[in-house]
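Engineer: Sequence and predicted model, in that order:
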Amino acid sequence: MVDSTTLVLIATLVQTIVISLTLLVFIFQFRSQEKALKETSYQNLLGRYNEFMMSEAASDESLISRFFETEEKLSPSEVAGIRRLVLSYGLIEEAYELYEKHWIDEEQWSQWDTWLRAVSRNPQFAVFHARAAGMYDTHFQAHVTKLIESQKKA
């Protein structure tokens with residue numbers, strides 16, 4: 001026969017095992033949810049990128065006048081180009097934030113960084129970057145500042 005102390009010990013052991021297994025299940029669920037959240041965030045970014053690439057560049061004079069002080073009136077194509085430049089800056093900043101959080105890997109970020117390097121060759125890019133100081137993520141803006149400075153030296 002089994003005494004009461006042994007039964008309590010067995011019950012405690014079984015409860016400990018059940019609680020441990022439950023915690024393991026929760027850990028795996030949280031990890032899969034985190035992975036799904038990361039993937040969703042990146043897919044949202046890619047979706048916004050695709051919308052951006054397919055969008056028609058409508059003129060937005062008030063946005064342009066906020067950043068670019070020009071004496072002469074900009075042509076519709078110049079306004080559209082600057083508008084797309086501003087949208088590009090925001091999209092790339094979002095990708096940079098995902099990279100900083102380690103939600104996208106080095107290879108994915110390098111593709112976005114390549115786009116950033118291409119966009120930054122636009123003469124209006126440095127002007128917008130300077131006037132937008134403090135409006136975007138400070139780490140991203142520091143990264144862009146280094147990029148612009150390295151392009152000036154080259």
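Structural biologist: Alright, I've got the coordinates.

Engineer: Listing request: residues of the protein with sub-threshold pLDDT.
Structural biologist: 1-2, 50, 52-72 (pLDDT under 70).

Engineer: how about the strands in it?
Structural biologist: Here the chain has no strands by DSSP state E.

Engineer: for it, what's the longest helix?
Structural biologist: Longest helix in the chain, counting residues (DSSP state H): helix 4-54.

Engineer: which helices and strands does it pack with?
Structural biologist: Contact analysis of helix 4-54 by 3 or more CB pairs under 8 Å, 6 or more residues apart in numbering; DSSP states H and E lists helix 76-100 as its packing neighbours. In this view, the C-beta of every residue, glycine as well, is placed from N, C-alpha and C.

Engineer: what's the angle between the helix it packs on and helix 4-54?
Structural biologist: Here the directions of helix 76-100 and helix 4-54 differ by 160 degrees (axes from the mean of the first three to the mean of the last three CA atoms, to 10 degrees).

Engineer: other SSEs contacting helix 76-100?
Structural biologist: Secondary elements touching helix 76-100 (3+ CB pairs under 8 Å, 6+ apart): helix 4-54, helix 61-67, helix 106-119, helix 123-131, helix 138-153.

Engineer: between these, which gets nearest to Glu93?
Structural biologist: Glu93 sits nearest to helix 138-153 of all those, at 4.7 Å, using CB to CB.

Engineer: who does the closest one touch, helix- and strand-wise?
Structural biologist: Short answer (3+ CB pairs under 8 Å, 6+ apart): helix 138-153 packs on helix 76-100, helix 106-119, helix 123-131.

Engineer: tell me the most buried of those?
Structural biologist: helix 76-100 (a mean of 18; mean count of other CB atoms under 10 Å).

Engineer: Relative to the whole chain's centre, how far out is that one?
Structural biologist: 12 Å (CA atoms, centre = their mean, to the nearest Å).

Engineer: ok, back up a step: now distance to Ala36 too, for the helices and strands packed on helix 138-153, in a markdown table please.
Structural biologist: As requested, the helices and strands packed on helix 138-153 are exported to a markdown table (distance: least, CB to CB, whole Å):
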| stretch | distance to Ala36 |
| --- | --- |
| helix 76-100 | 14 |
| helix 106-119 | 17 |
| helix 123-131 | 34 |
